[in-house]
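K.L.:
Structure, please.
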Amino acid sequence: MASRLILESVQPSLDGNGDIIAGAKLLLFDADTLAAKAVYSDYTLGVSLGSTITASSGYFPDMWCNDTDVYRVEWRDASNALLDTFERIHPLSPDLSTEIDRAVKSPVGEWGCTLESVATRKGKMAAWHTTTGDLISATVIGEIAVVGVLGVDKGGTGLTSPGASGNQLVSNGVGWDSIPAGTAVAALSTALSTEVVTRGSSDVSLTSSVSTEISLRASADTSLSTAVSTATSIRASADTSLNAAVSTEISIRTSADTSLSTSAASEASVRASADTSLAAQIGGKIDLVSTVNASAASNVAFTGLASTYAYYILVSGNLHQSAVTNLKMQVSTDNGSTWDSAAKYASQGNRMAGSLLYFGQNSQTSFDIAEYITNSGSGKNFLNMEIYGANDATCHFKAHSRAGYSNVVATNGKYFDMVHVRADLTAVNAIKLYAASGTITGDFYLYGVKK
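P.N.:
Take a look at the predicted model:
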């Protein structure tokens, strides 16, 4: 069956300014094979328009094809420049069946007509005289050409005449019947009456069902109210029991809190007494002033030494160095901004390495605090040093140290018990410990004993 190929977007062919594109054309191809594919001038498919269609004054002619054909269309201008491409374009459904929309019957004595929609004669009419039923052909009514009643193959009713005067066209689902108007109305009235009876019966059944549902819901509501009442009573009883239990627990906790408070007060009293005894034993309060946890450090420094304390105590119990060498110390009078390296350090005391020896040094550039500190963390190295007269010209030091087994000197440990002073009596407020070579590792704690 023939169908029209319609491209509304190119009818007419206009450019972006709304002007007609002179020489616009359509190039038609089979959508599957991309071979050039022709269209035809009318529904008979007798006259080919070819596969290249040129617009006239911006409009393309009607194009017909088989309703199973599928096209690829290229829209180009006169210079063959591509304007747009349309992929897989199907023709419309059979043209006549979509464009014929109704049959019309005129009052008695006038003209009956049915719309005709063959594309080449669209808008023309087929007419007959409604009194005589005679078909009017090849006649002109006003400006409308009368060409005859349409057959089914062209989307018409298929009737050669409209039937008797006053008849109406009624669809039977396949074609058209011409029956008296009264018959059609009577049939419609009967159908409506039957529907009313059927609906009335349905309404009665529905009313009965609704009534039954209301009764069931009322019964369910009564049962639910009873259940809620029972649940409320049970909850009230449970709440009473819970309140009693909570009251008992509160009483027990109050008693326990009282006992705990008494115990805590007793403990605080005992601790206060112990603290008093401890304070009496140490002769004053000791503060942890500073802690340094050194790991392969180039030095360990303590700054801010003040005269607030009677003296300081510096201790380390896990001291070791990267090289087996002496532990040195220098002091600062500007809180560590610079360190005094002048030859004004003096030491005196006892040194024991297998036997007790007197030891003394003068005019050194640092103090020797410990001798031959081992390079193993498992070595038995410790330092205990007291600092007197901090931030005062009388500042001096008393150090006691032990170096564990050394792989440099074959002895089982070295002990230093020394007093260190500086020839230049200026106020010292910072100290720095460092290895004669290598780095230091260990935990250092500085305590202050208040005056």
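K.L.:
any weak-confidence spans in the stretch 201-350 of the chain?
P.N.:
Per-residue confidence for the stretch 201-350 of the chain (pLDDT under 70) gives these ranges: 202, 256, 259-261, 263-264, 267-268, 270-284.
K.L.:
Which parts of it are strands?
P.N.:
286-297, 300-303, 309-316, 320-321, 325-332, 345-352 (DSSP state E, counting those that start in this stretch).
K.L.:
any chance of those strands in a markdown table, plus distance to residue 66?
P.N.:
Glycine gets a C-beta too; all of them are placed from N, C-alpha and C. What follows is those, written out as a markdown table (distance: least, Cβ to Cβ, whole Å):
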| stretch | distance to residue 66 |
| --- | --- |
| strand 286-297 | 93 |
| strand 300-303 | 101 |
| strand 309-316 | 105 |
| strand 320-321 | 102 |
| strand 325-332 | 107 |
| strand 345-352 | 117 |
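K.L.:
Pick the most deeply packed of those strands.
P.N.:
Highest mean neighbour count among the strands of the stretch 201-350 of the chain (mean count of other Cβ atoms under 10 Å): strand 320-321, with a mean of 24.
K.L.:
Could you tell me which strands that strand is paired with, and in which direction each runs?
P.N.:
strand 440-450 (antiparallel) (DSSP bridges).
K.L.:
before we move on, the earlier item: closest one to residue 448 among the strands of the stretch 201-350 of the chain?
P.N.:
Closest approach to residue 448 among these is made by strand 309-316 (3.8 Å; Cβ to Cβ).
K.L.:
Sheet partners, orientation included, of the closest one?
P.N.:
strand 382-388 (antiparallel), strand 440-450 (antiparallel).
K.L.:
what about dumping the CA coordinates of it to CSV?
P.N.:
The C-alpha coordinates for strand 309-316 follow below in CSV (Å, rounded to 0.1, in the frame of the first residue of the first chain):
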residue,chain,number,x,y,z
TYR,A,309,64.3,26.6,93.9
ALA,A,310,66.9,25.9,96.5
TYR,A,311,68.5,23.5,94.0
TYR,A,312,67.8,21.3,91.1
ILE,A,313,68.2,17.5,90.6
LEU,A,314,68.9,16.1,87.2
VAL,A,315,68.6,12.3,86.8
SER,A,316,68.8,9.7,84.0
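K.L.:
Residues in contact with that strand: which ones?
P.N.:
284, 286-287, 289, 302, 305, 382-390, 431, 442-451 (Cβ atoms under 8 Å, 6 or more residues apart in numbering).
K.L.:
If any of these are buried, give me the PyMOL selection for them.
P.N.:
Per 16 or more other Cβ atoms under 10 Å, the buried members of the contacts of strand 309-316 correspond to this PyMOL selection:
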select buried, resi 289+302+305+382+383+385+386+387+389+390+431+442+444+446+447+448+449
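K.L.:
still on that earlier bit, quick one: closest of the strands paired with strand 309-316 to residue 298.
P.N.:
From those, taking Cβ to Cβ, the stretch that ends up closest is strand 440-450, at 7.7 Å.
K.L.:
contact partners of that closest one?
P.N.:
282-300, 302, 308-322, 327, 377, 381, 433-434.
K.L.:
switch to 7 Å and redo it
P.N.:
284-297, 299-300, 302, 309-316, 318-321, 433-434 (Cβ atoms under 7 Å, 6 or more residues apart in numbering).
K.L.:
With respect to residue 36, which of the strands paired with strand 309-316 lies nearest?
P.N.:
strand 440-450 (92.4 Å).
K.L.:
From residue 41, how far off is residue 4?
P.N.:
11 Å (Cβ to Cβ, to the nearest Å).
K.L.:
Quickly list what's touching both of these two.
P.N.:
62, 64.
K.L.:
one step back: of all the strands of the stretch 201-350 of the chain, which one is nearest residue 210?
P.N.:
strand 286-297 (86.9 Å).
K.L.:
picking up where we left off before, which one of the strands of the stretch 201-350 of the chain lies closest to residue 227?
P.N.:
strand 286-297 (70.9 Å).
K.L.:
packing partners for that closest one?
P.N.:
strand 300-303, strand 440-450 (3 or more Cβ pairs under 7 Å, 6 or more residues apart in numbering; DSSP states H and E).
K.L.:
Of those strands, which shows the lowest average pLDDT?
P.N.:
Ranked by mean pLDDT, these end with strand 440-450 at the bottom, a mean of 93.
K.L.:
got the contact list for residue 44?
P.N.:
Per Cβ under 7 Å, 6+ apart, neighbours of residue 44: none.
K.L.:
If I look at it, what pLDDT would I see?
P.N.:
91.
K.L.:
again with residue 60
P.N.:
94.
K.L.:
Quick check: it vs residue 15, distance?
P.N.:
16 Å.
K.L.:
the more surrounded of the two?
P.N.:
residue 60 (22 against 13; other Cβ atoms under 10 Å).
K.L.:
Without its sequence neighbours, what residue ends up closest to that one?
P.N.:
Spatial nearest neighbour of residue 60, excluding adjacent residues (Cβ to Cβ, 6 or more residues apart in numbering): residue 53 at 5.5 Å.
K.L.:
Figure out which of the helices and strands packed on strand 286-297 is closest to residue 73.
P.N.:
strand 440-450 (87.5 Å).
K.L.:
Using CSV, write out every CA atom in the closest one.
P.N.:
The C-alpha trace of strand 440-450 is given here as CSV (Å, rounded to 0.1, in the frame of the first residue of the first chain):
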residue,chain,number,x,y,z
ILE,A,440,72.8,10.9,73.1
THR,A,441,69.8,8.7,73.8
GLY,A,442,67.9,8.5,77.1
ASP,A,443,65.2,10.0,79.3
PHE,A,444,66.2,13.0,81.4
TYR,A,445,64.2,14.4,84.3
LEU,A,446,64.8,17.8,85.9
TYR,A,447,63.3,18.3,89.4
GLY,A,448,63.2,21.5,91.5
VAL,A,449,63.4,21.5,95.3
LYS,A,450,61.7,24.6,96.6
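K.L.:
now the angle from that strand to strand 286-297?
P.N.:
Between strand 440-450 and strand 286-297, the angle comes out at 170 degrees (axes from the mean of the first three to the mean of the last three Cα atoms, to 10 degrees).
K.L.:
what's the angle between strand 440-450 and strand 325-332?
P.N.:
40 degrees.
K.L.:
Between residue 4 and residue 41, which has more neighbouring residues?
P.N.:
residue 4 (20 against 15).
K.L.:
my guess is the more buried one meets residue 62, correct?
P.N.:
Yes. Between residue 4 and residue 62 there is a contact under Cβ atoms under 7 Å: 6.4 Å.
K.L.:
returning to that earlier point: wait, the residue nearest to residue 60 sits on residue 26?
P.N.:
Yes. Residue 53 is within contact range of residue 26, at 4.5 Å (criterion: Cβ under 7 Å).
K.L.:
Which residues are in contact with each of these two?
P.N.:
residue 60.
K.L.:
Between the two, tell me which one has more neighbours.
P.N.:
Taking neighbours as other Cβ under 10 Å, residue 53 and residue 26 compare with residue 26 leading, 23 against 18.
K.L.:
and that one, what does it touch?
P.N.:
Applying Cβ under 7 Å, 6+ apart, the residues near residue 26 are 53, 60, 73, 75.
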